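Trainee: Need a 3D model of the following:
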Amino acid sequence: MTVEVQGFTAGASGWGELVAAAVVGAGRRGVDERALLDAAAAATVRRRAGAVPAAARTLPEPAAHDPRPRLPAAARRRLAALLADRSGSGGGSRRGPAPDLAELIPEWLRYAVECGYQAPPELLPALLDAARARIDLRPHVLALAGPRGLWLAERAPQWAPLLRDGAAGPSLPDPRDADAVRALWEEGPRAGGPGTSQVRGALFAAVRRADPAGAVELLASTWSGEKAEDRLAFVELLRTRLSLADEPFLEAALTDRSRGVRAAAADLLAGLTGSALAGRMAARVRSLAVLDRSEDPPVIAVEAPYECDAAMQRDGVVAKPPAGMGERSWWFGQLAAAAPLAVWTEVFDGRTPEEIVALPVADGWRPDLLAAWSRAAARQHDSAWARALLGTAPTSPPAEPPSFTAGPPGAVPSPVPAPGGSAGGGEHVPGRDPARLLTALPGAERAAWVAEFISAHGLSEAFRLLGACAVPWPEELGRAVVDALEIARDGGSYPWSFSGVMGLAERCLDPSYAVRLEPLAAMHEEAEESSPGAAGYWSEAFQRLVATLRIRAAMRDELAAPPALRP
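Mentor: Reported below is the predicted structural model:
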């Protein structure tokens with residue numbers, strides 16, 4: 001077909017002339033613009049008519065129906081605003097009074113899932129992008145997104161990372177359906193597509209929750225063919241519903257060719273106080289630590305190992321110490337941390353944890369023992385030992401830095417307790433982590449200890465301790481944090497040193513505190529000794545805190561709309 005329009009032939013070779021005229025300009029080619037457009041239209045029809053249609057592809061099955069109610073209109077608008085602000089406006093030491101909306105996404109998602117809503121379809125891509133960027137959002141995003149969100153994630157490579165750690169539950173077979181589970185488990189390694197290992201990880205996590213022994217049997221059936229990174233991931237998933245029934249599998253994993261797998265298996269076995277590994281560690285420490293009753297009061301005497309033999313290394317003891325630490329101290333600390341805590345009561349004549357912690361230790365080994373006991377208490381979730389090691393929160397900081405006693409080569413120097421200090425809270429011991437110890441205590445007791453600590457010491461050392469407390473903070477803890485923030489403001493320094501605690505307060509304080517904090521958000525007169533402009537910066541920080549708490553209160557109200565008012 002050939003079309004001629006005022007000097008232009010839109011045939012097989014005319015398309016190039018039309019393009020040239022459009023690029024160079026119709027006027028310079030001596031052609032009327034309307035004629036040029038007519039020729040282009042005719043040439044377009046010719047080109048399209050000559051195209052050979054491709055074979056139609058089969059459309060994918062639609063996503064399963066989601067019966068959950070849609071979000072209330074106000075909650076949909078709120079979610080859109082939170083996702084739009086996801087990039088955040090933070091950065092630098094001064095954030096200004098505007099709330100950081102992106103930090104409220106986890107709380108909003110948690111409430112929405114608890115209320116049983118489904119995600120708005122138009123916001124699913126933005127939700128999945130947010131979950132791709134932040135691992136902590138993935139479980140709640142997938143739960144809110146439901147079948148439609150999972151349908152999208154399974155078909156787009158950029159969202160494949162969301163299908164891990166059990167988050168992909170809607171696409172998995174019933175964990176009680178042995179045939180379906182076995183088929184997916186065995187076909188997964190050969191599939192090799194995007195998200196394959198993640199889906200198998202999600203499958204294993206689901207089976208582990210429903211049938212712990214069945215999960216171990218499933219893993220054992222393909223263990224020799226798994227990649228090292230997958231073996232490590234599966235061993236870590238055994239922490240869920242861990243029991244002595246898992247011991248044979250974990251004992252075999254102590255000889256795995258991957259060092260990471262061996263270390264993970266040893267760590268799990270050390271947490272099982274009745275395991276054979278725990279028994280071997282107990283036997284070792286019985287020969288390394290004794291009670292010297294010739295002294296009054298009795299003294300703990302330590303004789304650290306002189307070598308790290310093959311049996312110790314098989315049980316997870318790392319032979320090479322970190323830089324700056326002696327070998328004997330390093331080996332002894334690992335052995336003591338892996339032994340069941342009950343063995344110390346046996347070795348030390350039936351004494352309670354409080355009495356054992358209070359015993360003097362010869363030759364400067366006290367820090368090593370306290371640090372090892374702390375790791376063991378956190379690993380074994382032993383609240384009695386955690387209480388003994390934490391002690392009561394100190395009522396006052398030491399008047400001066402602690403002095404140190406000399407120790408053996410390779411041992412960490414031992415601090416002398418400050419006068420009046422307890423064996424738990426009053427000592428500064430390298431390697432002892434109060435934040436980890438707190439995780440072994442019930443939530444209310446944990447919050448009470450941190451509140452007492454903050455009341456005595458303020459907020460300078462409180463950030464990690466607060467991170468160990470459940471959200472929202474109980475009244476006692478919230479009150480202690482607010483009082484400490486007010487004291488810090490009145491001290492005249494800048495608020496930036498407390499930005500971490502202030503950020504936690506924005507997310508963890510009960511929203512009802514907004515009313516109490518309003519007076520602190522107002523400008524106040526600066527004292528002469530205050531840092532220049534500190535009052536204004538504190539006012540901004542408290543304004544942001546109040547505004548964030550009000551937004552959190554509004555989020556709850558919007559998501560709690562009565563069913564009759566839901567669209």
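
Trainee: drop to CA atoms for contacts and neighbour counts, all remaining ones
Mentor: Will do.

Trainee: Could you point out the longest helix of the chain?
Mentor: Secondary structure of the chain read by DSSP state H shows that its longest helix is helix 534-559.

Trainee: Now do the buried residues in that one.
Mentor: For helix 534-559, a neighbour-count test (16 or more other CA atoms under 10 Å) marks 534-552, 554-556, 558-559 as buried.

Trainee: lowest-confidence helix or strand of this structure?
Mentor: Using mean pLDDT, DSSP states H and E, strand 404-405 stands out as the lowest-scoring helix or strand of the chain, at a mean of 32.

Trainee: residue boundaries of the strands in the protein?
Mentor: Using DSSP state E, the strands of the chain run over residues 4-5, 8-9, 289-292, 299-302, 404-405, 414-415.

Trainee: how about stretch 257-274 as PDB, C-alpha atoms only?
Mentor: Taking Å, rounded to 0.1, in the frame of the first residue of the first chain, the C-alpha atoms of stretch 257-274 are listed here in PDB:
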ATOM      1  CA  ARG A 257      31.300 -29.000  57.400                       C
ATOM      2  CA  SER A 258      30.100 -25.400  57.900                       C
ATOM      3  CA  ARG A 259      31.500 -23.500  61.000                       C
ATOM      4  CA  GLY A 260      28.400 -21.400  61.200                       C
ATOM      5  CA  VAL A 261      26.100 -24.400  61.400                       C
ATOM      6  CA  ARG A 262      28.300 -26.000  64.000                       C
ATOM      7  CA  ALA A 263      28.300 -22.800  66.200                       C
ATOM      8  CA  ALA A 264      24.500 -22.500  65.900                       C
ATOM      9  CA  ALA A 265      23.900 -26.100  66.800                       C
ATOM     10  CA  ALA A 266      26.200 -25.800  69.900                       C
ATOM     11  CA  ASP A 267      24.400 -22.600  71.000                       C
ATOM     12  CA  LEU A 268      21.000 -24.400  70.800                       C
ATOM     13  CA  LEU A 269      22.300 -27.400  72.700                       C
ATOM     14  CA  ALA A 270      23.800 -25.200  75.400                       C
ATOM     15  CA  GLY A 271      20.300 -23.700  75.900                       C
ATOM     16  CA  LEU A 272      18.900 -27.200  76.500                       C
ATOM     17  CA  THR A 273      20.000 -27.700  80.100                       C
ATOM     18  CA  GLY A 274      19.400 -31.500  80.000                       C
END
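
Trainee: Mind listing residues that contact that stretch?
Mentor: The contact list for stretch 257-274, computed with CA atoms under 8 Å, 6 or more residues apart in numbering, reads 228, 231-232, 235-236, 239, 243-244, 247, 250-251, 253-256, 275, 277-279, 314-316, 338-340, 379-380.

Trainee: Quick one: residues contacting Cys508.
Mentor: Counting by CA under 8 Å, 6+ apart, Cys508 touches 471-473.

Trainee: Quick check: closest non-adjacent residue to Ala336.
Mentor: Leaving aside its sequence neighbours, Ala336 sits nearest to Ala372 (CA to CA, 6 or more residues apart in numbering; 5.6 Å).

Trainee: what's the distance between the one you found and Asp309?
Mentor: Distance of Ala372 to Asp309, given as CA to CA, to the nearest Å: 20 Å.

Trainee: The two: who's more crowded?
Mentor: Using other CA atoms under 10 Å, the more surrounded residue of Ala372 and Asp309 is Ala372, with 21 against 11.

Trainee: Roughly how far does the more buried one sit from Ala64?
Mentor: 52 Å.

Trainee: same question, Leu244
Mentor: 40 Å.

Trainee: How about Ala560?
Mentor: If you go by CA to CA, the gap between Ala560 and Ala64 works out to 26 Å.

Trainee: more neighbours, those two?
Mentor: The neighbour count for Ala560 versus Ala64, taken as other CA under 10 Å, is higher for Ala560 (16 against 12).

Trainee: In space, not sequence, find me the middle residue of this structure.
Mentor: The residue lying closest to the centre of the chain (CA atoms, centre = their mean) is Asp136, at 5.9 Å.

Trainee: Could I get the pLDDT score of it?
Mentor: Per-residue pLDDT puts Asp136 at 88.

Trainee: The residue nearest to it when sequence neighbours are not counted: neighbour count?
Mentor: What sits nearest to Asp136 in space, not counting adjacent residues and going by CA to CA, 6+ apart, is Pro106, at 7.9 Å. Look at Pro106: counted by other CA under 10 Å, it has 17 neighbours.

Trainee: Same question for Thr255.
Mentor: Residues lying near Thr255 (other CA under 10 Å) number 15.

Trainee: who's in contact with it?
Mentor: Counting by CA under 8 Å, 6+ apart, Thr255 touches 262, 314.

Trainee: The residue nearest to Ala336 contacts Ala339, correct?
Mentor: No: using CA atoms under 8 Å, Ala372 is not in contact with Ala339, being 9.3 Å away.

Trainee: pLDDT score for the closest residue to Trp151 other than its chain neighbours?
Mentor: Distances taken as CA to CA, 6+ apart place Ala63 nearest to Trp151, at 5.8 Å, with adjacent residues excluded. pLDDT recorded at Ala63 is 88.

Trainee: how close does the residue nearest to Asp136 get to Ala131?
Mentor: Note on Pro106: its distance to Ala131, by CA to CA, is 10 Å.

Trainee: do Ser243 as well
Mentor: Remark: distance between Ser243 and Ala131 (CA to CA) = 32 Å.

Trainee: confidence score at Glu186?
Mentor: Predicted confidence (pLDDT) for Glu186: 86.

Trainee: That one: what's it in contact with?
Mentor: Applying CA under 8 Å, 6+ apart, we find Glu186 in contact with Thr222.

Trainee: That one and Pro161: what is the separation?
Mentor: For Glu186, the distance to Pro161 (CA to CA) stands at 20 Å.

Trainee: How about Val141?
Mentor: To Pro161, Val141 is 13 Å away according to CA to CA.

Trainee: neighbour count winner among the two?
Mentor: Val141 (28 against 21).

Trainee: low pLDDT regions in the stretch 451-567 of the chain?
Mentor: For the stretch 451-567 of the chain, the stretches flagged by pLDDT under 70 are 527-528, 561-567.

Trainee: for it, what spans make up the helices?
Mentor: For the stretch 451-567 of the chain, the helices defined by DSSP state H, counting those that start in this stretch cover 463-467, 475-490, 499-508, 513-521, 534-559.
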